[in-house]
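# Pasted the sequence and its predicted model underneath.
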Amino acid sequence: MSPMPLPPVPAPDQLPVRYGAPHNLGGDFPVDPGPARDVLATHHPALSVAEFGGPALAPVNFQPYFAQCRFGAGTTQEAEVNIVAFPTDAADRLPGLSYEQYAQGYDQTKLLGIARIHVLCDNPLAIDAGRKLHAEPK
């Protein structure tokens, strides 16, 4: 059985995109789980907020990079706002972890991950491509 072909990339976005000089600076910020639950209920209703001894986590990542594609090149700065979450229907499989254990990769289930809430971006081409190609909330 041959694999299904991918749909065409919508114009004016063209692949491949070559990334250069990428940087990533991020931090995990402890937040009140109540408002984080409200945000997830709106943006990702199948996910639940992960709590680490009380607080939830809101990772924020700043990413400046250079990108080149067939029709041009440019610099981009993005800031991703996320909430650490897990699939609600897998709650019974989730290990109880401290933040230190989570940050060190102790979660062998791989159920914990980031739920992207918003991506702030200063490049109109990257915003358009992020929305069309990657379903990013830019």
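Received, thanks.

# Can you name the residues bridging to the most centrally placed residue in the chain?
Centroid-nearest residue in the chain, with CA atoms, centre = their mean: Arg116, separated by 4.0 Å. Under DSSP bridges, the beta-bridge partners of Arg116 are Asn82.

# And the pLDDT for it?
Per-residue pLDDT puts Arg116 at 95.

# Relative to Thr88, how far out is it?
For Arg116, the distance to Thr88 equals 17 Å [CB to CB, to the nearest Å]. C-betas here are computed from N, CA, C, even on glycine.

# Could you give the number of residues near the residue nearest to Arg18 when sequence neighbours are not counted?
Nearest non-adjacent residue to Arg18, counting by CB to CB, 6 or more residues apart in numbering: Gln68, 4.6 Å away. For Gln68, the neighbour count with other CB atoms under 10 Å is 13.

# Partner strands of the helix or strand Gln68 falls within and their direction?
In the assignment (DSSP states H and E), Gln68 maps to strand 56-69. Here strand 56-69 is paired, per DSSP bridges, with strand 18-20 (antiparallel), strand 25-31 (antiparallel), strand 72-87 (antiparallel).

# how about CSV for those, with mean neighbour count, mean pLDDT and distance to Lys138 added?
Formatted as CSV, these follow (neighbours: other CB atoms under 10 Å; pLDDT from 0 to 100; distance: least, CB to CB, whole Å):
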stretch, mean neighbour count, mean pLDDT, distance to Lys138
strand 18-20, 11, 73, 16
strand 25-31, 13, 96, 17
strand 72-87, 18, 91, 8
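
# Not including adjacent chain positions, what is the nearest residue to Thr109?
With sequence-adjacent residues excluded and distances taken as CB to CB, 6+ apart, Thr109 is closest to Arg93, at 5.7 Å.

# Verify the contact between that neighbour and Gln108 for me.
No. Contact criterion CB atoms under 8 Å: Arg93 and Gln108 do not qualify, at 10.7 Å.

# follow-up on the earlier one: let's have the strands paired with strand 56-69 in a markdown table, adding distance to Ala58.
Converted to a markdown table, the strands paired with strand 56-69 look like this (distance: least, CB to CB, whole Å):
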| stretch | distance to Ala58 |
| --- | --- |
| strand 18-20 | 25 |
| strand 25-31 | 5 |
| strand 72-87 | 6 |
